[in-house]
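> make a model of this:
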Amino acid sequence: MSHISLYILRAHIGPFFFGAITVMFVFLLNFLILFLPQIVGKGLGTWLVIQLIALNLAWMVTLAVPLGVLVASLMAFGNLGSTNEITVMKSGGTGLLRMMRPMIITGILLSAWLFWFNDYVLPDANYRAQMLMIDIQRKKPTFVVDKGQFSMQIEGYSILARNIDTAQGLMLGVTIYDNTSLDVMSVVSADTGRINFSTDYSKAVLMLHNGELHQASQQNYGDYRRLKFEQHRIIMDANGFAFSRSDESLTSRGDRTMRIADMRVVVTECEKNITQSEQSIAKTLDRQIKHISGIKDSTVPEMCTSPIQGDSTTKTVTRKDAAWRTESRLAGTLSMLDNDIFQIRDRQMNANKYLVEIHKKYAIPAVCLVFVLIGCPLGIATKRGNFGISGAITLVFYIIYWIFLMTGERFADRGLIVPWLSMWLGDIVLAVFGMYLIWRVGRDMPIVDLTRLYALWGRVSHFFARVKFPRLKRNQKPIDTQNESISF
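Numbering: from 1, shown residues only. As a prediction, the model looks like this:
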């Protein structure tokens, strides 16, 4: 590798990591804003929160690496253009493609690495993050008793504390309604109380002091008991307060948590089912055509129409019975065809969903190379190496590519466009635009030739200026050409 290539490559290292880390920080901040309310207040350990964030960093890396490549290309070649180093290299006989060669090779290597990351690391990370988020959502919030408000977090119990001593962790003026039994209604009141959980958070132990227990039977209103106590302990079931991990082997994976090989197996199975449904439709139609034509089908057993021995009466088939049989046969045939057509549509939509994910794992890594083709000539054309201009341009191309990606995915899921084109259309359009930039910038031509646009606008305006449209005088009506007659 030449000194110029090494110099250009070193100029990209700093901006690449700076741009990628900045993009990941933005994605991480957005993730925390969306999911932090679901995490806070559930008493989760620090390690679980770190694990959840680390698992979600995988999809952030997938999007941050291509954007980091675009930011690095814009900033590096923008700095080289602003310091006239590009001009010096061109005067020495180094063309634009020669200067872009190290970045093209780097873009290919990054695309290969990102493809491996998307196929081997990202599915497992998405699956584990999904399972961890489900476990977190299933866990109940930390048990809290507010002053003067009923707490019904523990199922079957309503707990009221009229005052709370936060220094000693005591509840003052406690009233508890026990609704766990349908036959007996229990109400407990005490001066003070303290609640603790067992080590596995499966039981809540409530210690009460100086109070009364009132119990009344729901079946016999005369059965009433009142007990006074100095110390009373209530053990309550506290299901859901403990954090427990689900067994990952018992949960199936979706399209975004599977590798390419696994998704191809699903696609192959769907295509096999589609073929079977198409064959079933063909057999059904062929059988009905033979029946209408009067051709006997050896694959279908004929019903016995001969009279039973010993039965002297033979029932003749009336026209009404024949019409009913024909209607029943037609209804059964239509039902079979509708079922097969539904199966074909359902399997095809399922196959399209997995084919979209397969091509997405190829298309997103390939955009690293596409952004090299765009960023290098565009950085030279702008001659701005600061992060502000580069970040704004990167944001524009990110939005454009994301629109292509999301719109194509929705169209492919609905069967409006083939799956491979839905994912590769953004790469193709941006790659063509990048080749156009290389062609224009490599020949020191402006990206958009405004002189031709100005000339075209001048010709159009001059043409309309020369055309004189007739004007109507005041109180003059237009000529009615329908009633106008011409005489010779």
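> pull out the buried positions in the helix or strand harbouring Leu74.
Per DSSP states H and E, Leu74 falls inside helix 46-82. Of the residues in helix 46-82, 48, 52-53, 55-82 count as buried by neighbour count, 16 or more other Cβ atoms under 10 Å. No exception for glycine: its C-beta is placed from N, CA and C like everyone else's.
> in its sheet, which strands sit next to whichever strand or helix holds Leu208, and in what direction?
Following DSSP H and E, one finds Leu208 within strand 203-217. For strand 203-217, the paired strands and their directions (DSSP bridges) are strand 184-197 (antiparallel), strand 224-237 (antiparallel).
> what about Leu373, how many neighbours?
Number of residues near Leu373 (other Cβ atoms under 10 Å) recorded here: 23.
> may I have the secondary structure class of it?
Counting by DSSP: H, G, I helix; E, B strand; the rest coil, the backbone at Leu373 sits in helix.
> what's the closest non-adjacent residue to it?
Spatially, and ignoring its direct neighbours in sequence, Leu373 is nearest to Gly434 (3.0 Å; Cβ to Cβ, 6 or more residues apart in numbering).
> what's the neighbour count on that neighbour?
20.
> so where does it fall, helix or strand?
Gly434 is part of helix 419-442, with elements assigned from DSSP H and E.
> sorry, back to before: mean neighbour count, distance to Thr257 and mean pLDDT added to the strands paired with strand 203-217, as JSON lines?
Shown next, in JSON lines, are the strands paired with strand 203-217 (neighbours: other Cβ atoms under 10 Å; distance: least, Cβ to Cβ, whole Å; pLDDT from 0 to 100):
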{"stretch": "strand 184-197", "mean neighbour count": "17", "distance to Thr257": "34", "mean pLDDT": "85"}
{"stretch": "strand 224-237", "mean neighbour count": "12", "distance to Thr257": "34", "mean pLDDT": "84"}
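> export these to JSON lines and append columns for distance to Leu395.
Putting the strands paired with strand 203-217 into JSON lines (distance: least, Cβ to Cβ, whole Å) gives the following:
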{"stretch": "strand 184-197", "distance to Leu395": "49"}
{"stretch": "strand 224-237", "distance to Leu395": "53"}
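> which one of the ones you listed lies closest to Ala167?
strand 184-197 (12.8 Å; Cβ to Cβ).
> follow-up on the earlier one: where's the residue nearest to Leu373 relative to Thr106, distance?
Per Cβ to Cβ, to the nearest Å, Gly434 is found 15 Å from Thr106.
> now Arg325
In this view, Arg325 and Thr106 are 75 Å apart by Cβ to Cβ.
> which of those two has more residues huddled nearby?
Neighbours were counted for Arg325 and for Thr106 using other Cβ under 10 Å; Thr106 has more, 21 against 11.
> which SS state does Gly222 fall under?
Gly222 ends up coil, using three-state DSSP.
> also Leu416?
Going by three-state DSSP: Leu416 is coil.
> can you report how many residues lie near it?
11.
> please apply the same query to Val356.
24.
> the inter-axis angle of whichever strand or helix holds Pro102 versus helix 46-82?
In this assignment (DSSP H and E), Pro102 forms part of helix 96-116. Going by axes from the mean of the first three to the mean of the last three Cα atoms, to 10 degrees, helix 96-116 is angled at 170 degrees with respect to helix 46-82.
> which residues touch helix 96-116?
1, 4-6, 8-9, 12, 62, 65-66, 69, 73, 77, 86, 89-90, 361-362, 364-366, 368-369, 371-373, 376-377, 380, 438, 441-442 (Cβ atoms under 8 Å, 6 or more residues apart in numbering).
> repeat that for stretch 440-451.
Residues from elsewhere that reach stretch 440-451 (Cβ under 8 Å, 6+ apart): Gly95, Leu96, Leu97, Pro377, Leu378, Ile380, Ala381, Leu437.
> cutoff 7 Å now
When contacts are defined by Cβ atoms under 7 Å, 6 or more residues apart in numbering, stretch 440-451 is touched by residues Gly95, Leu96, Pro377, Ile380, Ala381, Leu437.
> gap between that stretch and the chain center?
40 Å (Cα atoms, centre = their mean, to the nearest Å).
> can you give me the first-to-last residue distance of it?
One end of stretch 440-451 to the other measures 15 Å (Cα to Cα, to the nearest Å).
> for that stretch, buried residues please.
Judged by neighbour count using 16+ other Cβ under 10 Å, the buried positions of stretch 440-451 are Arg440, Val441, Gly442.
> for the residues you listed, give me a markdown table that also has distance to Val205.
What follows is the buried residues of stretch 440-451, written out as a markdown table (distance: Cβ to Cβ, whole Å):
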| residue | distance to Val205 |
| --- | --- |
| Arg440 | 77 |
| Val441 | 75 |
| Gly442 | 78 |
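> of all these, which comes closest to Met131?
Distances from Met131 to the buried residues of stretch 440-451, taken by Cβ to Cβ, are shortest for Val441, at 48.8 Å.
> can you get me a residue count around Asp124?
Asp124: 16 neighbours (other Cβ under 10 Å).
> which ones are touching the residue nearest to it when sequence neighbours are not counted?
Spatial nearest neighbour of Asp124, excluding adjacent residues (Cβ to Cβ, 6+ apart): Thr257 at 7.7 Å. Shown in contact with Thr257 (Cβ under 7 Å, 6+ apart): Pro123, Asn126, Tyr127, Gln130.
> of all those residues, which comes closest to Phe464?
Closest to Phe464, out of all of the contacts of Thr257 and judged by Cβ to Cβ, is Asn126, at 59.0 Å.
> quick check: that closest one vs His214, distance?
Distance from Asn126 to His214, by Cβ to Cβ: 54 Å.
> so between the two, which is more surrounded?
Between Asn126 and His214, Asn126 has the larger neighbour count (other Cβ under 10 Å), namely 19 against 13.
> quickly find the element holding the more buried one.
helix 122-138.
> centre of the chain to that helix, how far?
The answer for helix 122-138 is 14 Å, by Cα atoms, centre = their mean.
> and stretch 150-163, by the same measure?
39 Å.
> settle this for me: Arg128 is touching Ala54, isn't it.
No: with contacts counted by Cβ atoms under 7 Å, Arg128 stays clear of Ala54, the gap being 9.8 Å.
> can you pull the domain assignment for the protein?
According to automatic domain parsing, the chain comprises the domains 3-139+358-442, 150-237.
> out of these, deepest packed?
Burial of the domains of the chain is given as mean neighbour count (mean count of other Cβ atoms under 10 Å); domain 3-139+358-442 ranks first at a mean of 18.
> name the nearest residue to Ala431, ignoring sequence neighbours.
Closest to Ala431 by Cβ to Cβ, 6+ apart is Val370, at 4.9 Å.
> picking up where we left off before, so which of the contacts of Thr257 is the closest to Thr166?
Using Cβ to Cβ, Gln130 is the member of the contacts of Thr257 that sits closest to Thr166, with 38.1 Å.
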